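Participant: Can you look at this prediction? I've put the sequence above it.
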Amino acid sequence: MSDEKIVLVARLKVKEDAVEEAKEAGLAIVEDSRSEEGCLNYDIHQSIDDPTVFVWHETWANKAALDEHFQKPYFLEFFEKVNKFAAEEPAITLTRMISEKK
C-alpha cells in the first residue's frame, strides 16, 4: 500500500482582494514542486465561475514523496502565505485512483 500513487486534490478559496497574490504565490512553487523526484503531476487550476477559487491536482509516486513535499521550504513558505489570504480553510483530499487504465 505504501508504494501506491497518491492523488491530491486541494481547494482554496481566497479573499477577493487577494486573487492575484494567491495566483502568483501558487505559480511560484510549480516548477520546484514538479522537479521533485516523487512528483508525477502538479497542476493548479482557477475556477471559471469564481476566480477566488483555486484547485490543485497533484499526483505523487507515494505517500512518502508527498510527505517530503510538505516539508520543502518553498511549500512551507507558500502555506504560510495561504493563511494570510485564505477566505476559508483549505480543503485537501488524498485519493487513490480506482479506475485503472487497461
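Facilitator: Received, thanks. Numbering: from 1, shown residues only.

Participant: Report the separation between Tyr74 and Val53.
Facilitator: Here Tyr74 is placed at a distance of 23 Å from Val53 (C-beta to C-beta, to the nearest Å). To be clear about C-beta, it is placed using only N, CA and C from the backbone, and glycine gets the same treatment.

Participant: what about the two, which has more around it?
Facilitator: Legend: neighbour count by other C-beta atoms under 10 Å for Tyr74 and Val53, higher for Val53 (18 against 13).

Participant: which residue packs closest to that one, ignoring adjacent ones?
Facilitator: Closest residue to Val53 apart from its sequence neighbours, by C-beta to C-beta, 6 or more residues apart in numbering: Ser47 at 3.8 Å.

Participant: Tell me, how many residues neighbour that neighbour?
Facilitator: 12.

Participant: do the same with Lys81
Facilitator: Lys81, neighbours per other C-beta under 10 Å, totals 17.

Participant: so it sits in a helix?
Facilitator: Yes: looking at Lys81 with DSSP: H, G, I helix; E, B strand; the rest coil, it is inside a helix.

Participant: check contacts around Leu36.
Facilitator: In this structure residue 36 is Glu, not Leu. 65, 68-69, 72 (C-beta atoms under 8 Å, 6 or more residues apart in numbering).

Participant: And the lowest-mean-pLDDT helix or strand in the chain, how far out from the chain middle?
Facilitator: Within the chain, no helix or strand scores below helix 73-85, which has a mean of 94 by mean pLDDT, DSSP states H and E. Helix 73-85 sits 11 Å away from the centroid of its parent chain (C-alpha atoms, centre = their mean, to the nearest Å).

Participant: what packs against it?
Facilitator: When contacts are defined as 3 or more C-beta pairs under 8 Å, 6 or more residues apart in numbering; DSSP states H and E, helix 73-85 sits against helix 19-28, helix 30-34.

Participant: And the next helix or strand past it?
Facilitator: Under the assignment DSSP states H and E, the closest C-terminal helix or strand after helix 73-85 is strand 91-95.

Participant: CA atoms only: put that next one into PDB for me.
Facilitator: C-alpha atoms of strand 91-95 as PDB (Å, rounded to 0.1, in the frame of the first residue of the first chain):
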ATOM      1  CA  ALA A  91      -9.800  21.500   1.700                       C
ATOM      2  CA  ILE A  92      -7.200  18.900   1.000                       C
ATOM      3  CA  THR A  93      -8.200  15.400  -0.100                       C
ATOM      4  CA  LEU A  94      -5.800  12.500  -0.700                       C
ATOM      5  CA  THR A  95      -7.100   9.900  -3.100                       C
END
